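>>> sequence-free structure coming up:
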């Protein structure tokens, strides 16, 4: 295995998006909305990124679909990891989404520039960083998840770090292509009731919402690296999940993923 220095070669530790505290106090669905148990047996992690917005009337059904996929885990051979990313281009149409970020819009634009993607729209589901479809189309989403289980994978491992509020991420092998490593924190059980916009008066209940993203290596090698959790999510919490993503730096395909609850959780 390579050293920590090898693992971080050329890494700038670029913060893509982050938060030290929730953007606004919101009601939650409660502790029953929590990440499922880690995968066992032959299930491999498959990431479904959902580009969504509280200002989009077509998005709540997609949020519900993603929530059902990650809680029910209906696809044999797959452990579905849901990442709900709220874009900001709906924010000037009546309701400012408290979870939106220009970073997530920029990330969706990067996908949109890749062959096979359809441009910017919500709700968009991107499966394994490879295949794009409408986020409410269960058949298409499930078919892409099934397809992802047949792709080769390099799965990271997440363990406790050397001190409180840190984690260690380990790769057992060096990816064949240049790959980046990202630390993502999601929060489960979030809900809100917009008083303006297309979803005015509706009770919106979300799938796991991305609250923090940090690229911790822009060229990943075999070895381990320690990363600090953001302060707001460092303490154990049953509805907070940490996800490590190994991503092809050119195609944006997700080569491997792992998840666990917040450090100590």
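Received it, and whenever you're ready, just let me know what you need. None of these values were measured; they are calculated from a predicted model.

>>> Count residues in the vicinity of residue 140, would you?
By other Cβ atoms under 10 Å, the residues close to residue 140 number 16. For every residue, glycine as well, the C-beta is placed using N, CA and C.

>>> Find the nearest non-adjacent residue to it, please.
In this structure, residue 140 finds its nearest non-sequential neighbour in residue 133, 4.0 Å apart by Cβ to Cβ, 6 or more residues apart in numbering.

>>> Now the host helix or strand of the one you found: average pLDDT?
Per DSSP states H and E, residue 133 falls inside strand 131-134. Taken as a whole, strand 131-134 has an average pLDDT of 96.

>>> Equivalent analysis for stretch 201-216, please.
Rounded mean pLDDT across stretch 201-216 is 94.

>>> now do the same end-to-end measure for that stretch.
40 Å (Cα to Cα, to the nearest Å).

>>> Identify each buried residue in it, please.
By neighbour count on 16 or more other Cβ atoms under 10 Å, the buried set for stretch 201-216 is 204-216.

>>> ditto for stretch 97-117
In stretch 97-117, counting by 16+ other Cβ under 10 Å, buried: 97-101, 103-105, 107-108, 111, 117.

>>> Likewise for stretch 159-170?
Buried-residue list, stretch 159-170, by 16+ other Cβ under 10 Å: 161, 167-170.

>>> In strands, which of these fall?
In this view, these that belong to strands under DSSP state E are 167-170.

>>> How far away from the center of its chain is the helix or strand just after the strand holding residue 133?
Tracing the chain past strand 131-134, the next element assigned as helix or strand by DSSP H and E is helix 138-148. In this view, helix 138-148 has its centroid 17 Å away from the chain centroid, taken as Cα atoms, centre = their mean, to the nearest Å.

>>> and what of stretch 117-134?
So, by Cα atoms, centre = their mean, the centroid of stretch 117-134 is 14 Å from its chain's centroid.

>>> before we move on, what about stretch 92-107?
On Cα atoms, centre = their mean, the centre of stretch 92-107 falls 16 Å from that of its chain.

>>> cool, and stretch 137-151?
17 Å.

>>> quick one on the thing from earlier: so which of the ones in strands among the buried residues of stretch 159-170 is the closest to residue 191?
residue 167 (27.5 Å; Cβ to Cβ).

>>> For that closest one, which non-adjacent residue is closest in space?
Closest to residue 167 by Cβ to Cβ, 6+ apart is residue 161, at 4.8 Å.

>>> need the contact list for the residue nearest to residue 95 when sequence neighbours are not counted.
Closest residue to residue 95 apart from its sequence neighbours, by Cβ to Cβ, 6+ apart: residue 197 at 3.1 Å. Neighbour list for residue 197: 54-55, 90, 93-95 [criterion: Cβ atoms under 8 Å, 6 or more residues apart in numbering].

>>> if I've got this straight, residue 197 is in a strand?
No. Residue 197 sits outside any strand when classified using DSSP: H, G, I helix; E, B strand; the rest coil, being coil.

>>> can you give me the strands for the stretch 151-265 of the chain?
157-160, 166-171, 179-187, 191-192, 204-205, 209-217, 223-228, 240-248, 254-261 (DSSP state E, counting those that start in this stretch).

>>> Just list what the first one packs against, helices and strands only.
Other elements packing on strand 157-160 under the criterion 3 or more Cβ pairs under 8 Å, 6 or more residues apart in numbering; DSSP states H and E are strand 166-171, strand 254-261.

>>> Any chance of a markdown table for these, columns distance to residue 68 and mean pLDDT?
Formatted as a markdown table, the helices and strands packed on strand 157-160 follow (distance: least, Cβ to Cβ, whole Å; pLDDT from 0 to 100):
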| stretch | distance to residue 68 | mean pLDDT |
| --- | --- | --- |
| strand 166-171 | 28 | 93 |
| strand 254-261 | 18 | 92 |
